[in-house]
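**Q** Generate coordinates for the sequence data below:
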Amino acid sequence: MIILLLFASTLQAQRPGSEQIQALKTAHITQTLDLTSEEAEKFWPIYNKFDQQLEKNRKQERREIVSMVKGDVGALSDEEAEKLIEKMIDFKENQFTHYKNLVQELKGVIPPQKILRLRKAEEDFRRILMEQLRKRRKGRQ
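**A** Numbering: from 1, shown residues only. As a prediction, the model looks like this:
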């Protein structure tokens, strides 16, 4: 908890970079899952590999989807819209496959209850991060 508070104060003191956000996320997940040192040693290499694959997938999705849309979805032909829909489905299927693989790999590393708590911890972290961004934007106005 203390580590999380220290990171949170650092987050408010300066604009967070991706390394800071990753450190905050790591602290949040570790605390939420209550990982033992033995669990953490096995968990983090598996989770980090998953997280990197997911981020790579998201970047590719943004790049390809944005390049197809180019601003106005209404300007797409039916054929282009169909291709875009298929691409979006492919990306979501890929994300689901990555998540399924993560769960399979984690089954021997942490108990099932902690695997379930992981999803909630990720969602909670995203919500906390979004709240911090909203507060920061309001403070600038």
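
**Q** Regarding this structure, what is its longest helix?
**A** Looking across the chain with DSSP state H, the single longest helix is helix 37-69.

**Q** Centre of the chain to that helix, how far?
**A** 7 Å (CA atoms, centre = their mean, to the nearest Å).

**Q** just stretch 19-39 next, same as before
**A** Stretch 19-39 sits 13 Å away from the centroid of its parent chain (CA atoms, centre = their mean).

**Q** could I get that stretch in PDB with only the CA atoms?
**A** Provided in PDB are the C-alpha atoms of stretch 19-39 (Å, rounded to 0.1, in the frame of the first residue of the first chain):
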ATOM      1  CA  GLU A  19       7.600   3.400 -17.300                       C
ATOM      2  CA  GLN A  20       5.900   5.200 -14.400                       C
ATOM      3  CA  ILE A  21       2.500   3.800 -15.500                       C
ATOM      4  CA  GLN A  22       4.000   0.300 -15.800                       C
ATOM      5  CA  ALA A  23       5.500   0.600 -12.300                       C
ATOM      6  CA  LEU A  24       2.200   1.800 -10.900                       C
ATOM      7  CA  LYS A  25       0.400  -1.100 -12.600                       C
ATOM      8  CA  THR A  26       2.900  -3.600 -11.300                       C
ATOM      9  CA  ALA A  27       2.500  -2.300  -7.700                       C
ATOM     10  CA  HIS A  28      -1.300  -2.300  -8.000                       C
ATOM     11  CA  ILE A  29      -1.600  -5.800  -9.400                       C
ATOM     12  CA  THR A  30       1.000  -7.200  -6.900                       C
ATOM     13  CA  GLN A  31      -1.000  -5.600  -4.000                       C
ATOM     14  CA  THR A  32      -4.400  -6.600  -5.300                       C
ATOM     15  CA  LEU A  33      -3.400 -10.200  -5.900                       C
ATOM     16  CA  ASP A  34      -1.400 -10.400  -2.700                       C
ATOM     17  CA  LEU A  35       1.300 -12.200  -4.600                       C
ATOM     18  CA  THR A  36       3.900 -14.100  -2.500                       C
ATOM     19  CA  SER A  37       7.500 -13.600  -3.600                       C
ATOM     20  CA  GLU A  38       7.500 -17.100  -5.100                       C
ATOM     21  CA  GLU A  39       4.300 -16.400  -7.000                       C
END
